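Peer 1: predicted model, plus sequence, below.
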Amino acid sequence: MKAIPIKDSRKKVRLQGSGLFHGHKLRLTIGIIAKDEEKTLGKCLSSLKPLMDAVPSELIFTDTGSTDRTVEIAKRYTDHIINFKWCDDFSAARNTGIDAAQGEWFMFIDADEWFDDVTPIIDFFNSGECDNYNMAAYILRNYNDFQGKNYSDHYAERVVRLQPEIRFHNIVHEGLPIYTPVKMLSAFAHHYGYAYNTKEEEEKHDRRNLELLKKELKKDPDDLKALAQVSLNLIGSNDAKAADYARRGILAAQKLPERDRCAFHYNARFEYICFKALYNRGQYAELIDELPKALKEENEPGVFHLEFYWLAEMSAYMLKDYAKAAAYGGKYLKMYKLYEKGEIDRSGLLLADFHSNNEESRTSAIILDGMALLELGRTDEAAACAAKINFSTKSAAGVDSLKFCFELAEKSGDWSVPVMYYNRFRKLDDEGRIKPFINYAEYYYYNYPKKRAQYLAAFAKNNSGDGYTLLCRLRLAAKRGDSRQADAQLSALKQQKAMWGVDEFDALYYILKSRKNLMQYISKIEADDMAVYAGKIAKMHGDFPSVMLDYADAFSFENPKALFCMSCCFKMCITGGSKRRDKKEYGRLVQAYMESMARCVHGAFRPEILSHSAVGSLPRECRFGYYAGEAIKAKRQGDGAGCIRDLRLGLKAYPAMKEPVEFILRKFEAEAKSSEAKAREFRELGAQVKKNIELLIAKGDLKQAGIYTAQLARLMPDDVDVRRYQKITHTEPDMRELAARLPQ
């Protein structure tokens with residue numbers, strides 16, 4: 001087993017030599033190893049330049065086989081380039097920098113890390129404070145995504161006072177022994193090395209590290225750092241195997257002296273991995289049963305206690321043991337306060353990444369604590385939790401938080417809670433938080449209609465003139481039948497500088513319902529959003545189809561944008577969530593959609609495009625609009641075959657209209673069949689009347705034959721037989737008499 005990684009627990013500062021830098025030429029040597037890091041190296045080195053300018057220092061760059069512009073970029077900042085032949089050993093590459101270092105201190109950093117501010121490091125050296133320490137650690141912020149939203153912080157012991165025996169150890173996840181005392185610097189470096197573009201990329205990286213770690217363990221099966229890194233590497237992908245390595249680590253740590261802090265911290269780290277594996281596998285009860293062993297009273301409370309309580313709270317909640325969840329949540333939050341004040345041991349941060357020592361985790365714990373308290377009926381305590389939430393965290397806008405918000409409002413009857421949430425998010429001016437709130441609020445509004453009035457009444461009191469508050473006021477006024485107040489809120493919405501978002505769909509519904517001129521508001525609605533507006537209205541309001549038909553009877557537009565809005569609404573009525581009233585209404589809706597879309601297309605495109613030969617260049621729905629217009633024109637001209645042909649062409653262009661078009665075609669076919677049946681019946685009756693007239697003429701009863709002829713002539717004036725009967729019966733119209741009746 002390797003030597004204990006924490007050295008000199010007597011806290012003796014080991015200064016060597018005299019002079020400003022205690023026998024060294026420079027205060028600081030910065031060492032970097034890299035291969036093919038052209039994308040981030042420039043950012044890394046430029047962030048270090050203020051440090052190199054302010055502190056007497058050198059930069060040693062070790063290249064491990066780059067084939068891109070990495071070395072070229074490095075040469076802009078240093079002449080000291082070492083070409084290292086890669087041998088699957090990161091420590092060997094790092095040690096080249098130590099071997100060549102001229103500085104009293106040595107600092108190492110990766111090429112995919114960079115600082116925003118190195119002032120704390122500069123002050124550490126230039127103030128002389130460095131003479132009181134053997135080592136310094138800065139915060140390494142490891143991101144899990146390229147957006148920089150998910151990350152964990154830990155102290156990385158990256159700055160060390162050089163001693164003859166100092167070497168890097170471990171072929172992967174290499175590190176230095178920890179020499180106390182250690183200065184915890186407030187500077188932090190961004191690190192995106194654990195953010196991946198694809199799952200395959202992540203798995204490839206993990207496989208490489210795992211192979212090297214196993215190679216390390218073959219040399220020393222009790223290497224605590226290698227055991228810890230292997231178990232961390234496997235957690236989430238193979239939890240059982242991760243727990244096996246963690247248990248090996250616990251046994252290895254027990255071989256160290258009982259009071260050794262390294263053993264103590266590594267033991268806690270391995271226990272955490274075991275607990276995390278239990279949690280990932282859903283073994284919540286076992287996790288809680290094992291917890292007391294990890295929280296022995298003789299153990300000094302440290303940062304790892306946060307991890308244990310955090311996992312215990314989540315496990316108890318998953319088991320629906322809300323009393324235990326609230327208890328563990330309370331212990332976690334109490335411990336977090338001590339952590340913030342620096343009143344618990346933080347040295348474990350030098351050996352491990354922790355996930356519960358940040359505001360994200362604290363906020364998650366508060367939310368879970370509040371939800372558990374709600375389940376226990378302790379609404380006042382739950383409300384106190386809501387007041388403690390840090391709304392700048394991602395967790396505050398998460399589903400659990402928003403669910404807690406609305407359940408607290410429902411169970412306590414205090415509907416000012418959602419308003420408080422909303423205002424806190426608005427204060428941050430972050431759409432990434434405002435949008436999830438509105439989405440969840442609209443989900444709740446739709447699914448819990450009995451709570452709408454209370455929710456709207458709370459927002460109506462909100463001292464804000466933002467769009468969503470105005471929308472809630474409009475809804476409340478419309479719900480109460482207060483058209484005057486509703487009109488005032490609609491007017492205020494119209495005066496907003498910003499375009500309406502899709503959440504303001506009820507403003508459009510109110511315009512249609514109250515039959516206001518759409519042209520006065522159409523500029524507030526993005527054309528791209530109109531289909532979404534229509535979909536939301538159809539989902540929320542069952543009377544949408546009848547509202548649209550009534551509105552179409554009252555208004556007709558020539559403006560293409562207004563016509564497109566109408567066509568979107570009619571389209572949603574026939575294809576969306578609205579229930580059909582009856583076939584007659586559905587037919588009217590289909591007809592209205594076809595007419596509005598046809599007019600929209602004719603208003604939006606040049607005439608030369610609108611032909612059977614050129615229309616193929618248009619989008620699908622626009623092609624349908626063109627063919628729908630041609631079909632309507634053919635029907636009006638009595639060209640039934642042409643109408644059906646154009647409808648089928650429209651359907652071919654836009655298959656989404658299959659059901660409506662087939663409905664219209666069936667209707668036309670039914671009408672055609674009915675018309676043919678009537679024509680056949682008419683012809684049969686006419687033939688019977690003609691037969692009777694022939695019989696009367698044969699009998700010489702010209703008077704009666706003339707009466708029948710006159711009646712038949714009104715129905716069949718151009719029939720050849722009828723004209724012949726008129727001559728025989730002398731019932732031809734007197735043209736002079738007809739002329740005399742015409743107005744002079």
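Peer 2: Structure received.
Peer 1: how about F406: what's its closest non-neighbour residue?
Peer 2: Nearest non-adjacent residue to F406, counting by CB to CB, 6 or more residues apart in numbering: Y444, 5.1 Å away. Bear in mind the C-beta positions are built from the backbone N, C-alpha and C, glycine included.
Peer 1: just the buried residues of the helix or strand hosting the one you found, please?
Peer 2: Assigned by DSSP states H and E, Y444 falls within helix 431-447. By neighbour count on 16 or more other CB atoms under 10 Å, the buried set for helix 431-447 is 433-434, 436-438, 440-442, 444-445.
Peer 1: give me the distance from stretch 45-63 to the chain's centre.
Peer 2: Chain-centre distance of stretch 45-63: 40 Å, with CA atoms, centre = their mean, to the nearest Å.
Peer 1: ok, and what's touching that stretch?
Peer 2: Identification of contacts with stretch 45-63 by CB atoms under 8 Å, 6 or more residues apart in numbering yields 21, 26-35, 70-71, 73-74, 76-78, 80-84, 93-94, 96-97, 100-103, 109, 114-116, 118, 121-122, 125-126.
Peer 1: so which of the residues you listed are in strands?
Peer 2: 26-34, 81-83, 103, 114-115 (DSSP state E).
Peer 1: buried subset of those residues?
Peer 2: Buried members of these, scored by 16+ other CB under 10 Å, are 26-34, 82, 103, 114-115.
Peer 1: ok, the ones in strands among the contacts of stretch 45-63 vs L41, which is closest?
Peer 2: Nearest to L41 among those: A34, at 6.2 Å, using CB to CB.
Peer 1: grab the nearest non-local neighbour of that closest one.
Peer 2: Spatial nearest neighbour of A34, chain neighbours left out: A111 (3.8 Å); criterion: CB to CB, 6+ apart.
Peer 1: for that neighbour, give its distance to G193.
Peer 2: Distance of A111 to G193, given as CB to CB, to the nearest Å: 9 Å.
Peer 1: more neighbours, these two?
Peer 2: A count of neighbours by other CB atoms under 10 Å puts A111 above the other of A111 and G193, at 26 against 14.
Peer 1: and that one, what are its phi and psi?
Peer 2: Per-residue torsions, A111: phi -70, psi -20 (degrees, to the nearest 10).
Peer 1: show the contacting residues for it.
Peer 2: Residues near A111 by CB under 8 Å, 6+ apart: 32-34, 37, 40-41, 44, 70.
Peer 1: return the alpha-carbon coordinates of the strand or helix carrying A372 using CSV.
Peer 2: Counting by DSSP H and E, the element that carries A372 is helix 359-375. Once non-C-alpha atoms are left out, helix 359-375 reads as follows in CSV (Å, rounded to 0.1, in the frame of the first residue of the first chain):
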residue,chain,number,x,y,z
GLU,A,359,-26.9,25.7,-3.0
GLU,A,360,-28.4,23.3,-5.6
SER,A,361,-28.4,20.4,-3.2
ARG,A,362,-29.5,22.6,-0.2
THR,A,363,-32.5,23.9,-2.3
SER,A,364,-33.4,20.3,-3.3
ALA,A,365,-33.3,19.3,0.4
ILE,A,366,-35.5,22.2,1.4
ILE,A,367,-38.1,21.3,-1.3
LEU,A,368,-38.1,17.7,-0.3
ASP,A,369,-38.4,18.6,3.3
GLY,A,370,-41.4,20.9,2.5
MET,A,371,-43.1,18.1,0.5
ALA,A,372,-42.6,15.6,3.4
LEU,A,373,-44.1,18.2,5.9
LEU,A,374,-47.1,18.7,3.6
GLU,A,375,-47.7,14.9,3.6
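Peer 1: and the buried ones among the ones in strands among the contacts of stretch 45-63 as CSV, adding distance to F406?
Peer 2: Converted to CSV, these look like this (distance: CB to CB, whole Å):
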residue, distance to F406
L26, 61
R27, 57
L28, 55
T29, 57
I30, 52
G31, 54
I32, 51
I33, 52
A34, 50
I82, 60
G103, 58
W114, 41
F115, 42
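Peer 1: closest to H305 out of those residues?
Peer 2: Nearest to H305 out of those is F115 (CB to CB; 30.5 Å).
Peer 1: beta-bridge partners for that closest one, please?
Peer 2: With DSSP bridges as the criterion, F115 is bridged to A189.
Peer 1: contact partners for it?
Peer 2: By CB under 8 Å, 6+ apart, the residues touching F115 are 47-48, 187-190.
Peer 1: Y586: which of the buried ones among the ones in strands among the contacts of stretch 45-63 is nearest?
Peer 2: Of all these, Y586 sits closest to W114, with 62.3 Å by CB to CB.
Peer 1: now do the same contact list for that closest one.
Peer 2: By CB under 8 Å, 6+ apart, the contact set of W114 is 40, 43-44, 46-47, 189-190.
Peer 1: coming back round to it: let me know the closest of the ones in strands among the contacts of stretch 45-63 to K215.
Peer 2: For those, the residue nearest K215 by CB to CB is I33; the value is 18.7 Å.
Peer 1: and the angle from the strand or helix carrying D53 to strand 26-34?
Peer 2: Using DSSP H and E, D53 falls within helix 41-54. With axes from the mean of the first three to the mean of the last three CA atoms, to 10 degrees applied, the angle from helix 41-54 to strand 26-34 works out at 170 degrees.
Peer 1: centre of the chain to helix 41-54, how far?
Peer 2: 35 Å.
Peer 1: mean confidence for it?
Peer 2: Averaged across helix 41-54, the pLDDT comes to 96.
Peer 1: what comes up buried for it?
Peer 2: Here helix 41-54 shows 41-42, 44-45, 47-48, 51-52 as buried, counting by 16+ other CB under 10 Å.
Peer 1: a markdown table please, covering the contacts of F115 and showing distance to E359.
Peer 2: Formatted as a markdown table, the contacts of F115 follow (distance: CB to CB, whole Å):
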| residue | distance to E359 |
| --- | --- |
| S47 | 24 |
| L48 | 28 |
| A187 | 19 |
| F188 | 14 |
| A189 | 19 |
| H190 | 17 |
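Peer 1: just those residues now: which is nearest N358?
Peer 2: Lowest distance from N358 to these (CB to CB) belongs to F188, with 12.0 Å.
Peer 1: isn't the closest one up against A137?
Peer 2: No: between F188 and A137 there is no contact under CB atoms under 8 Å: 10.7 Å.
Peer 1: which neighbours do those two share?
Peer 2: Common neighbours of F188 and A137 (CB under 8 Å, 6+ apart) do not exist.
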